[in-house]
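In: after the sequence you'll find the predicted model.
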Amino acid sequence: MALPPLSLAILDTETTGFLPRTHRVIELAIMRIESGQASPAFDRLFSIGEEEIPPHVRVLTRINPADIADKPRIGECLGDIEAALAGADIIVGQNVCFDIDMLKGEGIDLTDRPCIDTAMLAALAYPELSSYSLQYMSRALKLHHEPAHRAMGDVRATAELLEKCWERFLELPEPQRDIARDVMGRSSEGYRRLFAALPKGSSGKLPTWFTERVRPDEVTATKPVVLASSKAGTVTIQEEHVTKPLLGPIILDTSNVRRWVAVKNIETAARQLCLPQNARMLMPPPLLPDDVALEKFLAQAQFTADEATVALKLRWFAPKTRLQITLHGGERMVWNGKIACTEDSDVYRAQFLDTDGTVILDHRQLLSFSGNESHAAHAVLKPGSCVVIDDASMLEDTATKAYGSTCPIADLRAAAEGHAGLTRFTDLLELWAEAIRRQEDVHYITKPELDGREAKGLREQTGALLAEEDLPERARHYLEHALSVLDPSKLSGRIVWIETLKHGAKTLHAVPERVDATLETHLYARFAVTLLSPEHIDRLPEIVPVRADVHVLPASGEALPLEVRYSEETLEGILKHPPQGKTIVLATSKRMIEDWFVRYAEALEEGGIELICQGLSGGQGRMEETFLSAEGSAIWILTPWLYESVELPTGSADRLVIDALPFDHPSHPILSVRAKHYRDAFDEYTMPRLRARIFRLLRTFSRHRTREGSVIVLDKRMETKAYGRLLKQYIADVTRGSENGLQKGSVQQKLF
């Protein structure tokens with residue numbers, strides 16, 4: 001094996017969950033590599049007594065209670081484990097920190113041993129990949145990965161992945177190797193030893209993988225569309241066909257109109273849009289590296305492991321935006337906390353020096369400076385300018401974020417690395433948040449809690465930190481948001497809460513209870529605004545005030561019909577008798593997704609059908625690539641909210657199955673409060689949001705579908721509820737289906 005001349009111990013665990021001391025290690029495998037020769041050193045299952053192996057873990061690993069019933073406990077094997085690890089220069093693993101944390105929970109403390117994470121190495125050596133999960137890379141790089149999701153199978157694949165990464169590092173000329181030695185020499189001991197082992201290289205050319213790391217964008221070329229003129233003070237709503245979005249054609253209009261076009265997601269727009277010469281894209285602050293912060297970051301005397309891999313990517317690839325490198329795990333927090341621009345950064349402000357022609361930016365950028373006279377771009381956006389807002393049905397959500405304050409404590413902690421005072425403050429902020437939330441995933445912060453001694457002390461410390469001149473700008477940004485959340489004088493008219501994710505990460509939020517009046521003041525009244533909106537939406541609640549002067553322009557031109565069918569079939573029936581081809585299933589419950597995975601994954605696998613499940617099959621990038629690369633039939637089950645952001649090429653999916661109507665969750669921290677603004681919240685607020693979401697889902701599938709691709713709706717409420725029948729008529733209207741040949745109330749009995 002082409003591996004560094006080091007003594008390595010490659011390990012992997014299989015566990016009952018993700019939380020040390022709460023969940024248990026049920027399998028451990030260790031492979032030793034000496035002088036490039038690999039040999040298994042330890043491979044054993046462990047008993048966990050009376051504790052249960054969760055059903056989804058049994059399916060993933062194929063480890064059942066009977067397999068471990070007569071096995072020793074891990075504590076009885078400590079001597080053998082220590083012998084297998086003895087003398088190793090570096091411990092290696094895929095997402096190795098997880099394994100080390102889980103082993104520590106079992107009484108095996110490896111935290112002082114040098115270690116490296118092959119997922120992070122792969123992101124350096126294979127920048128062209130879209131996912132760095134071991135399962136995806138095993139397929140993409142043809143690693144020997146058998147059995148998958150078992151400890152020794154994962155160890156073998158990890159060893160091959162390390163070999164392939166090392167081979168790529170050996171292709172680099174000496175200048176790039178020297179940069180790696182410099183950066184990693186300031187990092188943790190494992191990375192320092194690994195890159196110190198790189199031999200001296202030649203002065204030859206850079207390899208192709210290094211210079212051609214950015215995958216080509218997927219662009220859509222269409223004929224230009226000229227929008228009807230609008231005027232300030234009037235909200236013009238331009239309706240769109242579900243199969244014929246207007247964003248691309250509008251941007252291709254090269255007339256002399258000075259136009260600002262706001263999109264929901266600038267990253268997606270950058271990959272999908274074909275820009276004419278008179279159009280340019282403005283990146284939001286989080287996607288741009290700040291020059292001053294970058295220089296200070298790269299000059300650090302010491303790096304954490306996550307900081308080191310980010311620093312090496314910055315030195316090697318010199319990205320102009322975050323879109324040009326791949327960041328994952330703790331790397332994102334490093335970028336957000338130490339490197340990204342703020343709205344006051346010179347790099348961000350420089351974008352507004354040339355805004356002739358068409359300017360494309362995201363909703364949040366536009367809203368952040370349209371009503372803020374101190375913002376660098378406020379003076380550039382002149383009163384009466386033409387503003388077009390794509391995905392206008394999402395404007396409530398994006399305006400809520402733009403006009404609110406958010407402090408993710410994990411990002412603040414990354415910004416605090418190396419700053420003792422800021423680290424102490426972050427610890428206290430997290431302790432306060434944990435104390436008052438009382439184990440609630442969503443906890444609304446009350447005035448007594450903000451008036452308390454602890455919150456007052458936090459405000460005082462925040463003020464003192466903000467007075468420091470050398471405070472990093474990203475840290476200043478998060479502290480200002482934290483101070484806004486903690487201010488009891490701002491509680492009126494706002495929704496303020498703490499959100500805690502499953503893995504424990506906490507975020508402080510404060511958002512306005514209403515955004516429509518703010519939008520009217522800062523946007524509709526000042527500019528000629530055109531909202532690109534779904535067809536046949538009665539109104540856009542919380543986006544356009546009831547009193548506003550609204551001018552609706554119906555969608556024009558022909559659009560391709562989209563077949564939508566309704567069935568009494570169940571998703572269980574589909575999974576028992578799966579269709580040929582590639583199917584996307586939308587399910588509103590993550591618990592149900594896990595249940596279906598447990599019940600049907602093994603049978604589908606035996607039938608040669610790939611089952612991909614949100615929460616169990618890796619991140620979004622991995623799921624997209626797995627779905628695309630599946631050689632036979634595949635079923636991908638995910639939530640509607642995630643599906644709206646999925647990017648697949650045209651012709652990727654044969655059908656979309658909607659298992660249940662994607663209503664907003666009734667306990668959503670923002671929407672549940674705003675629903676109280678209406679006499680009949682269901683008809684006046686919930687249903688318009690549902691119709692808009694259905695439209696967006698159908699439009700997303702229209703981009704992904706094969707020529708004959710169709711939509712199947714399984715929710716029986718489409719027939720049994722009055723609102724379901726109205727929604728069915730709405731779907732027929734926007735898909736040009738005339739109920740798609742079905743008589744009202746009829747049911748398609750057999751799908752396939």
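Out: In hand now; what should we look at?

In: please report how far Q176 lies from R349.
Out: 33 Å (Cβ to Cβ, to the nearest Å). For every residue, glycine as well, the C-beta is placed using N, CA and C.

In: between the two, which is the more surrounded one?
Out: Comparing Q176 with R349 by other Cβ atoms under 10 Å, the one with more neighbours is Q176, at 19 against 15.

In: that one contacts F210, correct?
Out: Yes. With contact defined as Cβ atoms under 8 Å, Q176 counts as touching F210 (7.3 Å).

In: what do the two both touch?
Out: Listed as contacting both Q176 and F210 by Cβ atoms under 8 Å, 6 or more residues apart in numbering are W316.

In: for the stretch 351-500 of the chain, which segments count as strands?
Out: 358-362, 386-389, 405-408, 442-444, 494-500 (DSSP state E, counting those that start in this stretch).

In: hmm, who's touching the third one?
Out: Contact with strand 405-408 is made by 336, 478-482, 484-485, 505-511, as judged by Cβ under 8 Å, 6+ apart.

In: let's see it at 6 Å
Out: Residues from elsewhere that reach strand 405-408, judged by Cβ atoms under 6 Å, 6 or more residues apart in numbering: 478, 481-482, 484-485, 507-510.

In: out of the residues you listed, which one sits closest to W260?
Out: Using Cβ to Cβ, the shortest approach to W260 within the contacts of strand 405-408 belongs to H481, at 25.6 Å.

In: who's in contact with that closest one?
Out: By Cβ under 6 Å, 6+ apart, the contact list for H481 reads 405-407.

In: most neighbours, which of those residues?
Out: For the contacts of H481, neighbours tallied by other Cβ under 10 Å; top is C407, 24 neighbours.

In: on that earlier part again, could I get the contacts of strand 405-408 as CSV with distance to D391 and pLDDT?
Out: Shown next, in CSV, are the contacts of strand 405-408 (distance: Cβ to Cβ, whole Å; pLDDT from 0 to 100):
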residue, distance to D391, pLDDT
Y478, 27, 95
H481, 25, 96
A482, 30, 97
S484, 27, 96
V485, 28, 97
T507, 24, 97
L508, 27, 97
H509, 22, 97
A510, 24, 97
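
In: tally up the residues packed near the spatially closest residue to E160 that is not a sequence neighbour, please.
Out: Nearest residue to E160 in three dimensions, chain neighbours excluded: L143, at 4.5 Å (Cβ to Cβ, 6 or more residues apart in numbering). Residues lying near L143 (other Cβ under 10 Å) number 19.

In: ok, L143 to C77 distance?
Out: 28 Å.

In: what does D306 give?
Out: In terms of Cβ to Cβ, D306 sits 31 Å off from C77.

In: of the two, which one has the most company?
Out: With neighbours defined as other Cβ under 10 Å, D306 and C77 compare such that D306 has more, 24 against 17.

In: give me the secondary structure label for that one.
Out: The three-state assignment at D306 reads helix, by DSSP: H, G, I helix; E, B strand; the rest coil.

In: isn't it right next to M333, touching?
Out: No. Counting by Cβ atoms under 6 Å, M333 is not a contact partner of D306; they are 7.3 Å apart.

In: ok, back up a step: helix, strand or coil: sort out the residue nearest to E160 for me.
Out: Assigned with three-state DSSP, L143 falls in the coil class.

In: likewise for V529?
Out: Quick answer, by three-state DSSP: V529 is strand.

In: quick one: residues contacting it.
Out: Contacts for V529 (Cβ under 6 Å, 6+ apart) come out as 387, 523.

In: beta-bridge partners for it, please?
Out: The partner list for V529 in beta bridges (DSSP bridges) reads V235, V387.

In: what does the pLDDT read for it?
Out: For V529, the pLDDT comes out at 95.

In: check W636 too.
Out: Value for W636, per-residue pLDDT: 98.

In: which residue is the nearest non-sequential neighbour of it?
Out: I612 is the one closest to W636 (Cβ to Cβ, 6+ apart), at 4.3 Å.

In: do the same with R168
Out: Excluding the flanking residues, the one nearest R168 by Cβ to Cβ, 6+ apart is A125, at 4.1 Å.

In: swap in R599?
Out: That would be L575: by Cβ to Cβ, 6+ apart, it lies 7.6 Å from R599.

In: pretty sure that neighbour is in a helix, no?
Out: Yes. Counting by three-state DSSP, L575 falls inside a helix.

In: coming back round to it: the residue nearest to R168 contacts E167, correct?
Out: No. Using Cβ under 6 Å, A125 is not in contact with E167, being 8.4 Å away.

In: so for those two, which sits in the more crowded spot?
Out: A125 (21 against 13).

In: now that one: how far from K313?
Out: 11 Å.

In: and I712, what does it touch?
Out: Counting by Cβ under 6 Å, 6+ apart, I712 has contacts 565, 567, 657.

In: can you pick the most crowded of those?
Out: Busiest of the contacts of I712 [other Cβ under 10 Å] is V657, holding 22 neighbours.
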